[in-house]
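Enquirer: One predicted model, sequence on top.
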Amino acid sequence: MTFRTTRLIGMAITLIVVLGLIWNARSARLTQGNPGAAQAFRGGQLIASVRTEPRSFNRITVGSQSTELISLLTQGRLVRMNPSTFELEPWLAERWDSSPDGRTHTLHLRPGVQWSDGTPFTSADVVFTVRVATDPKSGSVLASTLLVGGQPIQAEAPGPDTVTLTFAAPSGPGLRLLDQLRLLPKHKLEAAYAAGEFATAWGAATPPADLVGLGPFVLKEYQPGQRLVFDRNPHYWRKAPDGQALPYLDRLVLEIVPDQNAELLRLQSGATDLTQDALRPDDFVPIKRLEAQGALKVEELGVATDADAMWFCLKPEAKKKDPRFAFVQRPEFRQALSYAVDREAFAQTVFLDEAVPVWGPITPGNREWFSPNVPRYPHSEVKSRELLKSIGLEDRNGNGVVEDAKGVEARFTLLTQKGLTWYERGTTVVREAAAKVGIVFDVAPLEFGAMLQRLQACDYDAIYMRPLLTDPDPAGNLDYWLSSGDGHLWNLASKSPATEWEQRIDILMTEQAATIDLDRRRAIFNDVQKILAEKLPVLYFAAPRIYAAHAIRVHGVVPSVLRPHLLWNADMLSVSEPAK
């Protein structure tokens, strides 16, 4: 590890710890009822921008970034993992009791909570939500995440304000697993579930009036391609430090701006107050000028917990007729590609030196679980060509492309999301590095929805993007690690492990998730990271340092290295003057 990398890691950890201390101090003051602890203003409208359309309003069945944000604004959770401190907090479950073996948890719900349509929220809603979310037949993308000991979580309701959750085995993350679980109104969705239609319930065409939630806002209007408009939920359960109702805002608008340059111009002109995502490296200098002029506030968040990555479809049943699969499935091929990419140069070129090289999905920004002791691939075209030759790939006809003994060339189409400048630079760096060792990529930018459809159907050669892990705790992302998971990118939802090493990861992650001792969990997960870095089903290149900006009229911002960086505590945000 270089001195620069070490220094960057130290800076990221220090920043996150300081943010955590600041948040804890603020929370303590607010709990004591000090109305002057934070500056807040009532009323008004905040305008943010997002780059993708929602494919659905149902977070149980769709895990896209836009759907996740909408559910955060409109839905509720039993417990919350605070994105600033990474600590678990009571939410709609105001307290809980856990058995010594960690298998039984009795949650006590907050009394008097109502859904946004005024219907009382009860334990029956929780039991219904758990049943739907753990049922693969419902189309749930959370089903594999909510497995404990290989079995779904069981929920019972001893009373209207009490829920008992039973795990088939001890669980390392415990109730943190529930952070992703958005509570559903039984009275609105039970009929769709009973009819076997839950997978299509609350699709993007659903009238806003039919969407009911427990979050701080309700969807008032959706104009496809333009905006989503949210009004404050008059039945929201949280209170401000002065005892008045939250949220502070009367309205929150998400403008859909697919082009990142247009998004930046809107932020610079004051047309929007903040962006859903972080700033690009290119944006930092002009935005800092506006900060110096007093127009914007820039927040430095630390090293991202997610990194840019590239992977091939390795699903045997989908690719068995593709002659290239014979060498793509070999770890040596992917190792050769990893050696071909200079990660230091990648960080400098793609992120303008505002990034750190990485060799796996866990970055230095995830201070609790990051391991520096994984196999690394220092840049070496010589080593790359040696590995390719070892599996029979050489440039036999002198055209600059390696091929196998049957003449099958290492030539691929690389999909990426359209409109993201760092994706454009990233794919260019990968394409040029690969070409030097005889591997050819033709880059094809697609709209996010189209790319996601291709991913789910395994209708692609390779994809370049930044996969998002939803929880810093690896046991909260079992859908990525387990071969049966819906987030197992290179072979989605496999019926059985396709390789011996995937089977080994399944065994280790199942043990890791069922282990209470934190040191033992770290040791197991370090082994998992080593296996993944050796077999390289996904190649990771660099994790950027994250910056975000917002209008100075926005108050209550507590930035997080996790997404959404500034909107995660939307109920506490306020504005001090009208929007332009």
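Expert: Okay, I see it.
Enquirer: Could you point out which residue ranges in the stretch 201-350 of the chain have low pLDDT?
Expert: The model of the stretch 201-350 of the chain has no residue with pLDDT under 70.
Enquirer: Tell me where it has strands.
Expert: Along the stretch 201-350 of the chain, the stretches classed as strands by DSSP state E, counting those that start in this stretch are 217-223, 227-232, 251-256, 274-275, 296-303, 309-312.
Enquirer: which of those sits most buried?
Expert: Mean neighbour count (mean count of other Cβ atoms under 10 Å) peaks for strand 274-275 among those, with a mean of 25. Placement of C-beta: from N, CA and C, glycine included.
Enquirer: which other helices and strands contact it?
Expert: The helices and strands touching strand 274-275, judged by 3 or more Cβ pairs under 8 Å, 6 or more residues apart in numbering; DSSP states H and E, are strand 45-50, helix 260-269, strand 542-551.
Enquirer: hmm, back to that, would you turn the strands of the stretch 201-350 of the chain into a markdown table with distance to Thr470?
Expert: Below are the strands of the stretch 201-350 of the chain laid out as a markdown table (distance: least, Cβ to Cβ, whole Å):
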| stretch | distance to Thr470 |
| --- | --- |
| strand 217-223 | 21 |
| strand 227-232 | 21 |
| strand 251-256 | 20 |
| strand 274-275 | 20 |
| strand 296-303 | 17 |
| strand 309-312 | 16 |
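Enquirer: Which one of those lies nearest to Val126?
Expert: Proximity to Val126 (Cβ to Cβ) singles out strand 217-223 among the strands of the stretch 201-350 of the chain, at 20.5 Å.
Enquirer: Was I right to think Phe412 contacts Ile463?
Expert: No: the pair Phe412 / Ile463 is not scored as a contact, 10.6 Å apart, by Cβ atoms under 8 Å.
Enquirer: Between the two, tell me which one has more neighbours.
Expert: More crowded of Phe412 and Ile463, by other Cβ atoms under 10 Å: Ile463, with 24 against 19.
Enquirer: Quick check: that one touching Leu414?
Expert: Yes: in this structure, Ile463 is within contact of Leu414 by Cβ under 8 Å, at 7.3 Å.
Enquirer: which ones are touching the spatially most central residue of the chain?
Expert: In the chain, the residue lying closest to the centroid (Cα atoms, centre = their mean) is Leu468, at 3.2 Å. Residues near Leu468 by Cβ atoms under 8 Å, 6 or more residues apart in numbering: Gln65, Asp306, Arg563.
Enquirer: and what of Val401?
Expert: Applying Cβ under 8 Å, 6+ apart, we find Val401 in contact with Asp395, Glu409, Ala410, Arg411, Gly438, Ile439, Val440.
Enquirer: Per-residue pLDDT of it, please?
Expert: At Val401, the model reports a pLDDT of 98.
Enquirer: Same check on Pro35?
Expert: 33.
Enquirer: One more: Thr31?
Expert: Confidence at Thr31, expressed as pLDDT, is 33.
Enquirer: related to what we said a few turns ago, widest-spaced pair of the contacts of Val401?
Expert: The span of the contacts of Val401, defined through Cβ to Cβ, is set by Asp395 and Arg411 at 12.1 Å.
Enquirer: Would you mind measuring the gap between the ends of stretch 476-495?
Expert: 21 Å (Cα to Cα, to the nearest Å).
Enquirer: can you give me how far it is from the chain middle?
Expert: Centroid displacement of stretch 476-495 relative to its chain, using Cα atoms, centre = their mean, to the nearest Å, is 14 Å.
Enquirer: Please apply the same query to stretch 562-578.
Expert: Relative to the centre of its chain, stretch 562-578 is centred 18 Å away, using Cα atoms, centre = their mean.
Enquirer: List the buried residues of it.
Expert: Across stretch 562-578, burial judged by 16 or more other Cβ atoms under 10 Å covers 562-575.
Enquirer: Widest-spaced pair of those?
Expert: Greatest spacing in those, by Cβ to Cβ: Leu562 and Val575 (23.3 Å).
Enquirer: Just the pLDDT for the nearest residue to Pro497 once chain neighbours are set aside.
Expert: Spatial nearest neighbour of Pro497, chain neighbours left out: Gln503 (3.8 Å); criterion: Cβ to Cβ, 6 or more residues apart in numbering. For Gln503, the model assigns a pLDDT of 98.
Enquirer: cool, and the one 5 residues further on?
Expert: Leu508 is assigned a pLDDT of 97 by the prediction.
Enquirer: any residues touching the helix or strand that Thr413 is a member of, and which ones?
Expert: Assigned by DSSP states H and E, Thr413 belongs to strand 411-417. With Cβ under 8 Å, 6+ apart as the test, strand 411-417 has contacts from 310, 312, 324, 401, 423-424, 426-427, 430-431, 439-448, 451, 454, 460-465.
Enquirer: Please enumerate the strands of the stretch 1-150 of the chain.
Expert: Shown for the stretch 1-150 of the chain, the strands assigned by DSSP E, counting those that start in this stretch span residues 45-50, 79-81, 88-90, 93-98, 104-109, 147-148.
Enquirer: Tell me which of the ones you listed sits most buried.
Expert: When the strands of the stretch 1-150 of the chain are compared using mean count of other Cβ under 10 Å, strand 147-148 is most buried, at a mean of 25.
Enquirer: what helices or strands is that strand leaning on?
Expert: Partner elements for strand 147-148 (3+ Cβ pairs under 8 Å, 6+ apart): none found.
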